[in-house]
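*Asks:* Pasting the sequence and the predicted model now:
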Amino acid sequence: MDAYEEHRASSQTPYVLVVDDVATTRAMHSLMLSRQFEVKNAASGQETLQLCTERLPDLVLLDVEMPGLNGFDTCRALRRHYDIPIIFATSHESLDEHLKAFDAGASDLCVKPVSAEILLRKVRLAITQWRERAVLRAEKDALQTKAEQYQSSMSERRLLLQFVRTSLNCENPAQLAQNFLQACRHLGVQCCIAIRHEGGESAWSLEGEASALERAVLARVAGMGQLVQFKNRLALSHERLSVVVSNMPDEASEEATRIRENMSALVEMAAALADHLAQRSERPAASTAEPLEPPMEALPGKMAADIRLLLQEILDRLESAFDLMSTDHHQEERIMHAVRDPLERILVLLNQCSDQSSAPVLRP
């Protein structure tokens with residue numbers, strides 16, 4: 001139900017269009033209804049259709065026998081576009097004529113000469129029921145939209161969590177980039193990514209290594225700020241990486257807001273994982289440069305401590321990303337539990353290997 005229909009459904013004085021080719025009948029019906037409704041008259045089916053395009057009434061009181069477009073044809077024409085109540089006022093009393101009226105789309109009918117009390121009650125009841133149905137339709141549509149949004153949100157959260165799980169054991173920036181790009185593809189996003197590492201900077205798209213143009217764009221957005229949108233492009237920059245999305249919808253749309261939130265969270269997670277990957281790659285170099293310091297028997301314990309700090313950093317960054325993901329407390333707890341449990345088990349194994357059974361695991 002659009003804003004105009006909502007206004008009609010909540011307006012205080014319903015608007016009724018009285019249609020009859022006989023002027024005295026129009027005047028009589030209008031007089032009956034004008035005590036409770038705003039009334040306007042039409043003398044033919046064609047005039048009725050024209051007036052409805054200019055301003056849609058809450059109800060049409062429609063004559064059957066009219067020259068040109070008769071009442072049945074007028075009703076069918078209205079029903080092709082509108083669902084408003086239509087009551088026939090007819091002099092025919094036969095069952096066959098009444099069935100024709102309902103087959104044409106009538107909501108109800110009155111037999112002429114019309115009783116004022118019966119007409120008022122029928123019109124009032126038809127409008128009340130129509131308005132109640134309109135409100136129920138609006139509520140149903142709103143609930144359906146919320147349900148779809150919640151389902152989509154949960155699916156996206158699972159996708160972000162899956163990205164973290166699959167990327168924890170990446171061996172190099174290229175693997176991390178491909179995991180990131182696959183996650184973006186499932187979000188309906190086309191993008192390229194540049195990851196800065198000790199060997200310089202490497203860039204990728206779903207097709208493989210980024211083109212020269214994509215590299216140039218990624219280099220330009222590196223210092224532009226964390227999140228900037230230009231029409232159909234979105235740039236996200238972090239100390240460790242840069243991302244450019246090339247198929248953004250209109251900036252003011254709900255879909256664009258959803259994509260910005262998901263991409264911000266995804267970039268935060270990818271940056272934490274890139275930091276983790278960089279520190280893992282630096283560790284062998286440090287041990288080669290100083291082979292006797294620390295002694296060999298102390299290396300496993302130090303590695304466990306370093307990994308503990310890195311995994312705690314991943315959890316901290318995941319928690320900070322919740323602010324960008326519009327999650328509620330229950331959703332956050334479920335995500336944190338799903339991530340924390342396997343990490344705790346990893347750290348228990350590390351503690352056993354390094355003989356640090358008394359070492360703390362992760363902060364609550």
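*Replies:* Yep, it's here. Numbers count the residues shown, from 1 in each chain.
*Asks:* could you pull out the helices for this structure?
*Replies:* Per DSSP state H, the chain carries helices over the ranges 3-10, 23-33, 45-54, 71-79, 95-104, 116-167, 173-186, 212-221, 254-289, 299-325, 329-354.
*Asks:* The ones you listed into TSV, with extra columns for mean pLDDT, distance to Gln229 and mean neighbour count?
*Replies:* The way it works is simple: take the backbone N, C-alpha and C, and place the C-beta from them, glycine included. Formatted as TSV, these follow (pLDDT from 0 to 100; distance: least, C-beta to C-beta, whole Å; neighbours: other C-beta atoms under 10 Å):
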stretch	mean pLDDT	distance to Gln229	mean neighbour count
helix 3-10	45	28	13
helix 23-33	95	54	17
helix 45-54	95	40	16
helix 71-79	95	45	20
helix 95-104	90	52	14
helix 116-167	83	19	14
helix 173-186	90	16	19
helix 212-221	85	11	15
helix 254-289	77	7	17
helix 299-325	67	15	16
helix 329-354	70	26	14
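*Asks:* now those helices as JSON lines including distance to Val245?
*Replies:* Converted to JSON lines, the helices of the chain look like this (distance: least, C-beta to C-beta, whole Å):
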{"stretch": "helix 3-10", "distance to Val245": "32"}
{"stretch": "helix 23-33", "distance to Val245": "58"}
{"stretch": "helix 45-54", "distance to Val245": "43"}
{"stretch": "helix 71-79", "distance to Val245": "46"}
{"stretch": "helix 95-104", "distance to Val245": "53"}
{"stretch": "helix 116-167", "distance to Val245": "15"}
{"stretch": "helix 173-186", "distance to Val245": "8"}
{"stretch": "helix 212-221", "distance to Val245": "11"}
{"stretch": "helix 254-289", "distance to Val245": "7"}
{"stretch": "helix 299-325", "distance to Val245": "15"}
{"stretch": "helix 329-354", "distance to Val245": "23"}
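*Asks:* out of the ones you listed, which comes closest to Leu61?
*Replies:* Nearest to Leu61 among those is helix 23-33 (6.0 Å), distances taken as C-beta to C-beta.
*Asks:* what packs against that closest one?
*Replies:* Packed against helix 23-33 by the contact rule (3 or more C-beta pairs under 8 Å, 6 or more residues apart in numbering; DSSP states H and E) you find strand 15-19, strand 38-42, strand 59-63, helix 116-167.
*Asks:* Nearest to Gly208 among the ones you listed would be which one?
*Replies:* When the helices and strands packed on helix 23-33 are compared by C-beta to C-beta, helix 116-167 sits nearest Gly208, at 18.6 Å.
*Asks:* Hey, what's the angle from that closest one to helix 254-289? Just curious.
*Replies:* With axes from the mean of the first three to the mean of the last three C-alpha atoms, to 10 degrees applied, the angle from helix 116-167 to helix 254-289 works out at 10 degrees.
*Asks:* where's helix 116-167 relative to the chain centroid, distance-wise?
*Replies:* Relative to the centre of its chain, helix 116-167 is centred 13 Å away, using C-alpha atoms, centre = their mean, to the nearest Å.
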